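Undergrad: show me how the following folds:
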Amino acid sequence: MKLRNIAILSLALLLPLSMSGQKKKKRTAKKKAVVEEPQEDPRITSMREMTQQIIIIDSIVVDKEQILAHLRTSSEAGMLMTTSDFLGKETSGTAFVNEMGNKAYFSMPDDSLRQQLFTSDLLGGEWSQPQSLQGLGEGIREASYPFMLTDGITFYFAAKGEESIGGYDIFFTRYDSRNSSFFKAENIGMPFNSEANDYMYAVDEYNKIGYFVSDRRQPEGKACIYVFIPEESRQTYDAAAHTEQQMRDLASIRRIADTWGNGKERKAALARWQNISKQQTVSTNPKDPATQLVISDALTYSSAKDFRSMDAAGFYSQLVSARRRLETLNSQMDKLRILYQNASKADRKSLSSEILQGEADILKLNKLIKSLEKQARNAELKVIN
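TA: Below you'll find the predicted structure:
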């Protein structure tokens, strides 16, 4: 009997220990919470795999308000300015006037205060009423920073919308002359675009220098201007020949030196770009004939800052650009005439066509210059008299 009681007592003592062990097992058997990794937008992944191969020759960080002042292009590429300078009234946005000075594209706020794109033509010495650009696509909510290539067909701009991967992205389209509208715009991809804001895209075809602007990895109020060599055909990096990290670095422009290759093309392009800078520095010389405008017998201006009238300042900027184009064209014509004198009969036929076209362009430019001189002078006299 005593043995039985002892056995029962032993079981009673072991039971709590057994239950305690079972409880511990239950606690350790709990499943760990699964943390899901955030999935990247598949559009970004696809775009990165198709990153365009370009040579970025340099980059400059500037205040966002000073972007246009640092885009150095020849007069043959047209002229960039603020919409305020173009319209002669206070508003936001940017404007582009073509190399002939008779076609403008610009952005300004619509009724909802969002930036939208418009165009205007110079007719009889006056700009026509702004017309909104048609056909760019219904998914575009806001658009600015226009730029047209010299072909008058290929058009670039920055926009926010369904096809953007960041804030502003750079898009391109072409003008459809048959329907007097544009084709649906397409995102130009990486490395031009990023998950940040990417703005202005401009190309100086004469000097083979391009620019695009982004605020990726920049502090508030700053933007980076990338200077690159534009290519006639699009070439992409071979994703199979690069690691995933290398493709990410190339797509986001982690280091511009990674795009240089052997450095020869970059060196030549850098020299062209620096030459443009020197030419623009000379153009601010107050003794430069291209910048002189007689307002009255006692008053001559040599800078846009001299004007009290915003309308007059806008006409003056277009005037200086037109005079620059005329200088360049006259120089080209002198060379063509010398070539014509020493050319064979077959070559003269081709040169003759170029000379006739150049002479026609000179007549148009001279007419435009006279019109702009008159408009700038009259607009300024209205204010100062």
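Undergrad: show me where the stretch 201-350 of the chain dips below the pLDDT cut-off.
TA: For the stretch 201-350 of the chain, residues meeting the criterion pLDDT under 70 lie at 278-287.
Undergrad: any chance you could map the helices in it?
TA: Taking DSSP state H, counting those that start in this stretch, the helices of the stretch 201-350 of the chain run over residues 244-252, 264-283, 310-342, 345-384.
Undergrad: list the buried ones in the last one?
TA: By neighbour count on 16 or more other C-beta atoms under 10 Å, the buried set for helix 345-384 is 355, 358, 361, 365, 368-369, 371-373, 375-377, 379-380. C-beta here means a position set from N, CA and C on the backbone, and glycine is covered the same way.
Undergrad: about what we covered before: could you dump the helices of the stretch 201-350 of the chain to CSV with distance to residue 141?
TA: Below are those laid out as CSV (distance: least, C-beta to C-beta, whole Å):
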stretch, distance to residue 141
helix 244-252, 25
helix 264-283, 34
helix 310-342, 28
helix 345-384, 35
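Undergrad: pull the contacting residues for residue 126.
TA: Listed by C-beta atoms under 8 Å, 6 or more residues apart in numbering, residue 126 has no contact partners.
Undergrad: again, only using 10 Å
TA: The contact partners of residue 126, taken as C-beta atoms under 10 Å, 6 or more residues apart in numbering, are 120, 371, 375.
Undergrad: OK, contacts around the second one?
TA: The neighbourhood of residue 371, defined by C-beta under 10 Å, 6+ apart, consists of 101-102, 122, 124-126, 315, 318-319, 322.
Undergrad: still on that earlier bit, among the buried residues of helix 345-384, which two are most distant?
TA: Spanning the widest gap among the buried residues of helix 345-384 are 355 and 380, at 37.3 Å by C-beta to C-beta.
Undergrad: distance of residue 96 from residue 364?
TA: Distance of residue 96 to residue 364, given as C-beta to C-beta, to the nearest Å: 19 Å.
Undergrad: I misspoke; the intended subject was residue 255.
TA: 46 Å.
Undergrad: likewise for residue 301?
TA: From residue 301 over to residue 364 the distance is 25 Å, taken as C-beta to C-beta.
Undergrad: ditto for residue 318
TA: For residue 318, the distance to residue 364 - C-beta to C-beta - is 14 Å.
Undergrad: what do those two both touch?
TA: Common contacts of residue 318 and residue 364, defined by C-beta under 10 Å, 6+ apart, comprise 101-102.
Undergrad: grab the nearest non-local neighbour of residue 292.
TA: Closest residue to residue 292 apart from its sequence neighbours, by C-beta to C-beta, 6 or more residues apart in numbering: residue 302 at 5.6 Å.
Undergrad: wait, isn't that neighbour in contact with residue 319?
TA: No. Residue 302 is beyond contact range of residue 319, at 12.0 Å (criterion: C-beta atoms under 10 Å).
Undergrad: quick one: which of these two has more around it?
TA: Neighbour tally, residue 302 and residue 319, criterion other C-beta atoms under 10 Å: the higher count belongs to residue 319, 26 against 18.
Undergrad: does the more buried one touch residue 101 like I think?
TA: Yes. Using C-beta under 10 Å, residue 319 is in contact with residue 101, at 8.6 Å.
Undergrad: which stretches in the stretch 51-200 of the chain count as strands?
TA: Along the stretch 51-200 of the chain, counting by DSSP state E, counting those that start in this stretch, strands occupy 56-63, 79-82, 94-97, 103-109, 115-123, 126-127, 131-132, 140-148, 154-161, 169-176, 181-182, 186-187, 198-204.
Undergrad: the second one packs against which elements?
TA: So the one you mean is strand 79-82. Judged by 3 or more C-beta pairs under 10 Å, 6 or more residues apart in numbering; DSSP states H and E, strand 79-82 is in contact with helix 83-87, strand 94-97, strand 103-109, strand 140-148, helix 310-342.
Undergrad: and among the ones you listed, the most buried is which?
TA: strand 94-97 (a mean of 25; mean count of other C-beta atoms under 10 Å).
Undergrad: can you list the strands that that one pairs with?
TA: Sheet partners assigned to strand 94-97 using DSSP bridges are listed as strand 79-82 (antiparallel), strand 103-109 (antiparallel).
Undergrad: quick one: these as JSON lines, columns for distance to residue 334 too.
TA: Output for the strands paired with strand 94-97, formatted as JSON lines (distance: least, C-beta to C-beta, whole Å):
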{"stretch": "strand 79-82", "distance to residue 334": "24"}
{"stretch": "strand 103-109", "distance to residue 334": "28"}
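Undergrad: so which of those strands is nearest residue 210?
TA: Proximity to residue 210 (C-beta to C-beta) singles out strand 79-82 among those, at 13.4 Å.
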